[in-house]
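Enquirer: Below are the sequence and a predicted model for it; my questions follow.
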Amino acid sequence: MSIFIDDDTRLVVQGITGRDGSFHTSQMMEYGTRVVAGVTPGKGGQDFAGPGGEKVPIFNAMDEAVSKTGANTSVVYVPPAFAADAILEATDSGVSLVVAITEGVPVLDMARAHAFARDKGVRILGPNCPGLISPGKAKVGILPAQIVAEGPIGVVSRSGTLTYEAVFQLTSVGLGQTTCVGIGGDPLIGTNFIDCLEAFELDPGTEAVVMIGEIGGTDEQEAAVFVKERMSKPVVGFIAGQTAPPGRQMGHAGAIISGSAGTAEEKMKAFQDNGIAVAERPADIVSLIQDALK
Amino acid sequence: MSIFIDDDTRLVVQGITGRDGSFHTSQMMEYGTRVVAGVTPGKGGQDFAGPGGEKVPIFNAMDEAVSKTGANTSVVYVPPAFAADAILEATDSGVSLVVAITEGVPVLDMARAHAFARDKGVRILGPNCPGLISPGKAKVGILPAQIVAEGPIGVVSRSGTLTYEAVFQLTSVGLGQTTCVGIGGDPLIGTNFIDCLEAFELDPGTEAVVMIGEIGGTDEQEAAVFVKERMSKPVVGFIAGQTAPPGRQMGHAGAIISGSAGTAEEKMKAFQDNGIAVAERPADIVSLIQDALK
Amino acid sequence: MDIHEYQAKERFALSGIPVPPGKIATTADEAEEIALSYGCAVMVKAQVHSGGRGKAGGVKFCKDASEARLHASNILGMDIKGLTVEKVLVTPAEEIETEAYVGVLIDRESQAATFMVSPDGGMDIEEVAASTPDRIRKLSVDPRYGLLPHQALWLANFLYEDPSLIRQASSAISQLYESFVESGASMTEINPLITTPDGHIKAIDAKMSIDGNELFRRPDVADMRDLSAEPASERKAREAGLSYVKLDGNVGCCVNGAGLAMATMDLVKYYGGEPANFLDIGGSSNPDKVVSALEIITSDPNVRVILFNIFGGITRCDDVANGIVEATKRIDMQQPIVIRLTGTNEELGLKILQEAGFSAYTSMDDVVEKAVDLAKG
Amino acid sequence: MDIHEYQAKERFALSGIPVPPGKIATTADEAEEIALSYGCAVMVKAQVHSGGRGKAGGVKFCKDASEARLHASNILGMDIKGLTVEKVLVTPAEEIETEAYVGVLIDRESQAATFMVSPDGGMDIEEVAASTPDRIRKLSVDPRYGLLPHQALWLANFLYEDPSLIRQASSAISQLYESFVESGASMTEINPLITTPDGHIKAIDAKMSIDGNELFRRPDVADMRDLSAEPASERKAREAGLSYVKLDGNVGCCVNGAGLAMATMDLVKYYGGEPANFLDIGGSSNPDKVVSALEIITSDPNVRVILFNIFGGITRCDDVANGIVEATKRIDMQQPIVIRLTGTNEELGLKILQEAGFSAYTSMDDVVEKAVDLAKG
């Protein structure tokens, strides 16, 4: 089992003809993801040549791509200047999940896009996120497929390569994953820890969850309370940034709004206070999960 | 019984110190409406002197007026330049009904205000409407109280003085009203015929409804279908404008959007086709209602 | 408030929509001079607040300046649907490849500014809607977000196949929405939006109506009002705060409230008469308004009887009565006046009328029947 | 990207917020001249991207031009939290009746620009939040509607009692939101917003941080970047597309991804070492980036060992290996390098390193432990 994406995922790639878009489309197709359409304005009518000679039709606009192919998920590799528009277009097109990989999208654009997505009842993952992978089923984004394996662990993380580290270690000891989700590190993201934890709790295939946080904000603290109050499955946590210097900008005022300084200490304490086993090092995640599964 | 306003209505008057606002506040209080607060920015702390020496506290802002007095309804007599802001403020203040009397509010401002009200789940009546009166209970707006009487008829109308005409004739023959509602004649209004018909259908005190329409738009046609499909109570209709010249602006393009020219003939036909008795003259309304109640 | 084609194009240009150059002439000499300055074939276009200018002969192609002079002299002074042409727009004639339609207006049902576009421009959009409705694409703009870029593109995709034209049209559509909002418009349209042989789009005709409620905060737009372009009686009514539309009958109507005014006209017709006008004195109680109303009604030579139908609410009957008495002193009225006066301060009003020698009815049917009788006599 | 007080005030003025006049001096002579031109008491204020300028002695009241000269000469060149003062703002000293605080920033939780206001300005808002949190009013701005007039008024009502001051503050708050949006800011604040004895409000101090992602479409804002105001190593990193923050330890870290970079630093600490920096080479695979990263790390004299921790995803291990080999050719490095390289194209990368005489670890713990050992040695 898995969350958000699975065998029924029908993917449209926005920015399929770009450098990143074309590379990762091939990677996703190689993994077995059903890429049913691409969108690049002005290139409608052409085909994307996937690995093994498979052809993916390209459309000028999302509405056409969705109506002609029945796509239900989109992934955005569009450059930052046009990414927010592409996300809005996807959100308005009929897909139920928009995975925004692009880094560098203006925050105020995303504030509007997230509001639009809420109004439309569409899930955005990201932006500035590595996407997600449900091993053996589908991969949407840029997570390296070679480090994952099928199994009972859900992984959710704010960071990219640190996720790889954790997933790599899990897989090394034979602990596969239901789904690995990178929620992204931007200030305004569409899907947060709680959204993923809720989905993992409901997913019958997930037996335990690894949650990898960072300094800044209060997402992890709220997630910790959620884990205590609403989850039956064990959760293991890790927080990066114990030695990070206090940021020179925004840190303080943001902390007043949220009522928290967002330090690693604070987050680790929130984890411990709410029954989440905290890994001191990435290498400890595996043993804590193994303990939890006993 | 009644719709939208009754003995529990606790009214705040926005623009209470203005010429219209102060005059009609006195009128509403004389009728027995519970006016619990007024709002005029910069005059907070003063009192409005009502008829019979009753004092109404004035506040600088709606949030204060509502939190200090428990008001649940607002009426807006603020001049057009500030009316849309006042309506937004009211919609955001905790009241559930905002009656906007002001004429001349820019349409694009109202497009935004109506969207805001939908988001907040607040009912706006108007703008550019005479308000409403539930005889014997409360009056909010400018409808003349002397022509109404308690009874079993619901009245809903797009026009002001034409409503008086109909209500006057009903009252003359002893047919009182549950509530008389003037929904207003602006292009974008917050409460339409169907909203009122639905409320009258649910109101146990209402036995029959008079619906008074005008040329333009398709509200009456949609209301007619609603009457047929969803209403058990008899409805008598009248349409003003059989002899009106076709408008020089907006008529045609608007008709394409709505798929209708909005003529009186078309509306009267829609009434007849859906089981609504149509009065040829205002004077016929009374006899048709009497027939319906037999 | 309607504005002229050339003014709408000025508004468009402010938002960056491509419009051809053009200048206004009020004489044939000026038209010739402008055509000469362009040094190419031009169009001479009547500037009146009315559709169907072309069919009425108010729009002409002129191969040179002397033709421009000739056509301008014919068009200036021409009557188009009751409006006299006082100005012509002289603008270089464009080579046209295709003609599309792009319009925005306030839609009651969606409660939003709503776009209509069609690749079949150059004719009345009503005709397209009637004959080939699938050639029209519509989009309501959520006022919370404005027109989003992908929505503009979605509309443009319906007009053109060529990526460059789609890009241009998408920009123009976004700019048209901006122009609509910044002008406080209730309706605006480009018909046709043309493409030229060299692959550009241009708005070669333009219409715009402004929401009168916006004028107080848009002095630049309010300044576009052309007093010469509306009938004198309607201008006078507007300036007096009245709402007036002249019709062809002989029963002059003076009513408070638009709905009651229309119902009164309908009742005139019901009893076999013909209303001379729609006139709504509004909700105010100012006797001066009544005087102005009577001046306007009596200036129509067709009027044979004056019918008052007043149901006092905010309007006070005594104020109306005072206005009637005052007006009969100031104006030399030939026509009989019949009055229905009821509602707020009714008794006071009736007393004032009685003292001045008038009587009044309380029933709407009675007064209208009487007025129709008098008009026939 | 931080901008200076005087630049933030320029942005404020564009939106109509009342700010006092002021001019920039880079020498004591200039400061004296400016003070003379005002002919009144002035403030001389250090322009550096750091809070606490006042406590550091970087803000001085000067009763006349010669005092302005004196203070400017002290402040120019001063070190404030590691930043050298290159510019001072000279501005007329204001008579202050009251001091309030008004700030806006992007709030993660409400996913919106969020206002914070307090009638207790002139001190750190953190202190107000800690000691008297009820003296702060907050409001998140729905991006679908922007800041509505009644919301600005609601915030202003919290600051003042006087209707005129409330009106002024309400305007200034709306203008601050406009300035925030038009500047592409992630944070901006007025502290203090003062009232003067003659009943006016003025923004006499200003802070603004720009969302770096906005710069591509705001060239006027991007031009405000003051290259002299940021540490040279951080500027160089930014120009190379790297994210770098200098710290006080001796283990130089070069990692791909911010999360893994922080986890690596944490692990250095865990094994008893001290990281010399945070450095994220990002997701790209450009060997040049690795070269730039090594140049920056080795320019820090404290660094005793260089630690690579690369988990290839988009980043390809062979590219990183090539970068390391290339850098050792170009830069004369004294420090030992320890490398952990795994993920995409791992074998290719290890082969390149081996051929150049490097060995590599596959475990993060092993490489960090080794690096800490070497740094101690």
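Expert: Structure received. Residues are numbered from 1 along each chain as shown, chains lettered A, B, ... in the order given.

Enquirer: all strands of the stretch 201-350 of chain C, in order?
Expert: C:201-203, C:206-210, C:243-246, C:251-255, C:277-280, C:305-312, C:337-343 (DSSP state E, counting those that start in this stretch).

Enquirer: for the stretch 1-150 of chain A, what spans make up the helices?
Expert: Along the stretch 1-150 of chain A, counting by DSSP state H, counting those that start in this stretch, helices occupy A:19-30, A:62-69, A:80-91, A:107-120.

Enquirer: got it, and chain C?
Expert: In chain C, the helices defined using DSSP state H lie at C:5-14, C:28-38, C:65-75, C:125-131, C:149-159, C:163-183, C:219-222, C:232-239, C:258-270, C:287-298, C:317-330, C:346-355, C:364-376.

Enquirer: Quick one: check the longest one for contact with chain A.
Expert: Just to be clear, that refers to helix C:163-183. Yes - shown here: helix C:163-183 in contact with chain A (C-beta under 8 Å from any C-beta of the partner chain) through C:Pro163, C:Ile166, C:Arg167. Where you see a C-beta, it was placed from the backbone N, CA and C, and this is true even at glycine.

Enquirer: quick one, phi/psi of C:Pro18?
Expert: The phi and psi values for C:Pro18, taken as degrees, to the nearest 10, are phi -70, psi 120.

Enquirer: check contacts around the nearest residue to it once chain neighbours are set aside.
Expert: The spatial neighbour of C:Pro18 that comes closest, neighbours along the chain excluded (C-beta to C-beta, 6 or more residues apart in numbering or on different chains), is C:Lys202 at 5.0 Å. Each residue near C:Lys202 by C-beta atoms under 8 Å, 6 or more residues apart in numbering or on different chains is listed here: C:Pro18, C:Val19, C:Pro20, C:Glu94, C:Leu193, C:Ile194, C:Thr196.

Enquirer: for C:Ala263, same thing?
Expert: C:Ala263 sits next to B:Leu162, B:Glu165, B:Phe238, B:Ala240, B:Pro282, C:Met364 when contact means C-beta under 8 Å, 6+ apart.

Enquirer: Among those, which one has the most neighbours?
Expert: Neighbour counts for the contacts of C:Ala263 (other C-beta atoms under 10 Å in any protein chain shown) peak at B:Phe238, which has 31 neighbours.

Enquirer: and after the lowest-mean-pLDDT helix or strand in chain A, which helix or strand comes next?
Expert: When the helices and strands of chain A are scored by mean pLDDT, DSSP states H and E, helix A:251-258 comes last with a mean of 46. Heading C-terminal from helix A:251-258, the first helix or strand you meet, by DSSP states H and E, is helix A:264-273.

Enquirer: Give me the mean pLDDT for that following helix.
Expert: Helix A:264-273 shows a mean pLDDT of 94.

Enquirer: Quick check: which of the helices of the stretch 1-150 of chain A is nearest to chain B?
Expert: helix A:107-120 (8.7 Å; C-beta to the nearest C-beta).

Enquirer: Check which residues of stretch A:238-245 are buried.
Expert: A:Phe238, A:Ile239, A:Ala240, A:Gly241, A:Gln242, A:Thr243, A:Ala244 (16 or more other C-beta atoms under 10 Å in any protein chain shown).

Enquirer: should've said stretch A:186-206
Expert: If you call a residue buried by 16+ other C-beta under 10 Å, then stretch A:186-206 has these buried ones: A:186-197, A:199-201, A:203, A:205-206.

Enquirer: With stretch A:144-159 instead?
Expert: Counting neighbours by 16+ other C-beta under 10 Å, stretch A:144-159 gives A:144, A:147-149, A:151-159 as buried.

Enquirer: got it, and stretch C:190-204?
Expert: Under 16+ other C-beta under 10 Å, the buried positions of stretch C:190-204 are C:Ile190, C:Asn191, C:Pro192, C:Leu193, C:Ile194, C:Thr195, C:Thr196, C:Ile201, C:Lys202, C:Ala203, C:Ile204.

Enquirer: again, but for stretch C:64-71
Expert: Buried, per 16+ other C-beta under 10 Å, within stretch C:64-71: C:Ala65, C:Glu67, C:Ala68, C:Arg69, C:Leu70, C:His71.

Enquirer: which intervals of the chain have sub-threshold pLDDT?
Expert: Defaulting to chain A. Low-confidence segments of chain A (pLDDT under 70): A:245-260.

Enquirer: you looked at the wrong chain, it should be chain C
Expert: Confidence mapping of chain C against pLDDT under 70 gives the ranges C:284-285.

Enquirer: domain parsing for it?
Expert: C:22-92, C:98-222, C:231-376 (automatic domain parsing).

Enquirer: Throw those domains into CSV and include distance to A:Asp92, thanks.
Expert: Supplementary listing: these in CSV, determined by distance: least, C-beta to C-beta, whole Å:
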stretch, distance to A:Asp92
domain C:22-92, 34
domain C:98-222, 7
domain C:231-376, 39
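
Enquirer: Show me the two of the contacts of C:Lys202 that sit farthest apart.
Expert: C:Val19 and C:Thr196 (12.9 Å; C-beta to C-beta).

Enquirer: if I pick the residue of the stretch 51-200 of chain A found nearest chain C, what's in contact with it?
Expert: Relative to chain C, the nearest point of the stretch 51-200 of chain A is A:Glu89 (3.4 Å; C-beta to the nearest C-beta). Neighbour list for A:Glu89: A:Gln14, A:Ala61, A:Met62, C:Leu148, C:Pro149, C:His150, C:Leu153 [criterion: C-beta under 8 Å, 6+ apart].

Enquirer: could you measure the residue nearest to A:Thr17 when sequence neighbours are not counted against A:Thr25, distance?
Expert: Spatial nearest neighbour of A:Thr17, excluding adjacent residues (C-beta to C-beta, 6+ apart): A:Thr40 at 4.4 Å. Taking C-beta to C-beta, to the nearest Å as the measure, A:Thr40 and A:Thr25 are separated by 11 Å.

Enquirer: Check C:Ala93 too.
Expert: Separation of C:Ala93 from A:Thr25 (C-beta to C-beta) stands at 49 Å.

Enquirer: So which bits of the stretch 151-300 of chain C are right by chain B?
Expert: Taking C-beta under 8 Å from any C-beta as the measure of proximity, the stretch 151-300 of chain C contacts chain B at C:181, C:184, C:186-187, C:189, C:209, C:211-214, C:216-217, C:245, C:247, C:255-260, C:262-263, C:265-270, C:275, C:278, C:283.

Enquirer: contact partners of stretch A:6-17?
Expert: The contact list for stretch A:6-17, computed with C-beta under 8 Å, 6+ apart, reads A:21-22, A:24-25, A:28, A:33-40, A:43, A:46, A:48, A:56, A:58, A:62, A:65-66, A:69-79, A:86, A:89-90, A:95, A:134, A:137-138, A:140.

Enquirer: Report the closest residue of the stretch 201-350 of chain C relative to chain D.
Expert: For the stretch 201-350 of chain C, C-beta to the nearest C-beta, closest residue to chain D: C:Arg217, 13.2 Å.

Enquirer: which residues touch that residue?
Expert: Residues in contact with C:Arg217 (C-beta under 8 Å, 6+ apart) are B:Ala81, B:Pro106, C:Gly184.

Enquirer: just the buried members of the residues you listed?
Expert: Of these, these count as buried by 16+ other C-beta under 10 Å: B:Pro106, C:Gly184.

Enquirer: Which one of the contacts of C:Arg217 is nearest to D:Ala222?
Expert: Closest to D:Ala222, out of all of these and judged by C-beta to C-beta, is C:Gly184, at 34.1 Å.

Enquirer: Contact partners for that closest one?
Expert: Residues near C:Gly184 by C-beta under 8 Å, 6+ apart: B:Pro106, B:Leu108, C:Ile210, C:Asp211, C:Asn213, C:Glu214, C:Leu215, C:Arg217, C:Arg218, C:Val221.
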